[in-house]
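Visitor: the following block contains a protein sequence and its predicted model.
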Amino acid sequence: MTTVSWDDSLRSFLERAASADPTPGGGSAAAVAAALGTAMSAMASHLTQGDKFAEAQHLIAPALDQLARLSAECEELLAADIRAFDHYMAALKLPRATTDEKLLRKSILHDATISAIEVPLRLMRVCRSGLQSTHSIAACTNPHVISDLGIGAILLEAAAQSALLTVQINLSALGNDNEQRSELEIEANALITDIGQIKNRTLAVVRDRI
């Protein structure tokens, strides 16, 4: 079992992500990318303070609160992604010599697969919320750091696209005739559509102000 902490150094995380160990994998990398996105938007918000930006504070203050909450959720999701993978691999190794063992393994494997889908789906929701906060302040952010805000939007969208791939590969394990698969697929598609639209609107504002 891999133990990766949010407090590990960037070097340590990169070395472990590049190793032959399957965790931290793509889901964890997506969580880190989303956290970087929230950090860039938060930095731009922190640099939009003072008398010059007094009229923007009713937008900046709630965005900062939301971005801090989302960053903490990214930390939680990195660990959740590794747990979900470990549970899935443990389920795959369950015995299946008897009918009872096969039924038990199938049930546990199904639950592990659902968990492996719900974690990246949560990350996609985090990315959408982060983009909504980023877009809400795009028109009033300090113009000297408006490109950093745009980078925040790009990172959040990239993290969501990465999480979507994790959702899709795990959805395939549920089989085609599964109602739960259909519901999860619909939610993932709706999320990525929203996310793409918000990112595009945000970047349009950013580029107009550069």
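Guide: Looks like it arrived, so ask away. Numbers count the residues shown, from 1 in each chain.
Visitor: isn't residue 60 right up against residue 140?
Guide: Yes - at 7.2 Å, residue 60 counts as touching residue 140 under the criterion of Cβ atoms under 8 Å. Placement of C-beta: from N, CA and C, glycine included.
Visitor: higher neighbour count, those two?
Guide: Shown here are residue 60 and residue 140; by other Cβ atoms under 10 Å, residue 60 has more neighbours (22 against 19).
Visitor: on the three-state scheme, that one is what?
Guide: helix (DSSP: H, G, I helix; E, B strand; the rest coil).
Visitor: list the contacts of the residue nearest the centre of the chain.
Guide: Geometric centre of the chain, nearest residue: residue 123, 3.1 Å, by Cα atoms, centre = their mean. By Cβ atoms under 8 Å, 6 or more residues apart in numbering, the contact list for residue 123 reads 27, 30-31, 34, 74, 77, 159-160, 163.
Visitor: helices of the chain, residue ranges please.
Guide: Ranges of helices within the chain are 10-17, 26-46, 57-92, 99-136, 146-171, 179-209, based on DSSP state H.
Visitor: identify the residues contacting residue 38.
Guide: Counting by Cβ under 8 Å, 6+ apart, residue 38 has contacts 67-68, 70-71, 74, 130, 152, 156.
Visitor: so residue 116 makes contact with residue 84?
Guide: Yes - with contact defined as Cβ under 8 Å, residue 116 reaches residue 84; the gap is 4.5 Å.
Visitor: identify the residues contacting residue 29.
Guide: Residue 29 neighbours (Cβ under 8 Å, 6+ apart): 17, 162.
Visitor: which one in this structure is furthest away from the centre?
Guide: residue 98 (39.5 Å).
Visitor: which of the helices of the chain sits most buried?
Guide: Of all these, helix 26-46 carries the top mean neighbour count, a mean of 24, counting by mean count of other Cβ atoms under 10 Å.
Visitor: that one to helix 99-136, inter-axis angle?
Guide: Angle between the axes of helix 26-46 and helix 99-136 is 20 degrees (criterion: axes from the mean of the first three to the mean of the last three Cα atoms, to 10 degrees).
Visitor: average pLDDT for helix 26-46?
Guide: Mean pLDDT, computed over helix 26-46, is 97.
Visitor: equivalent analysis for stretch 167-183, please.
Guide: Here the average pLDDT along stretch 167-183 is 86.
Visitor: what is the orientation angle of the worst-scoring helix or strand of the chain on mean pLDDT with helix 57-92?
Guide: Using mean pLDDT, DSSP states H and E, helix 10-17 stands out as the lowest-scoring helix or strand of the chain, at a mean of 92. Taking the same axes, to 10 degrees, one finds that helix 10-17 is oriented at 30 degrees with respect to helix 57-92.
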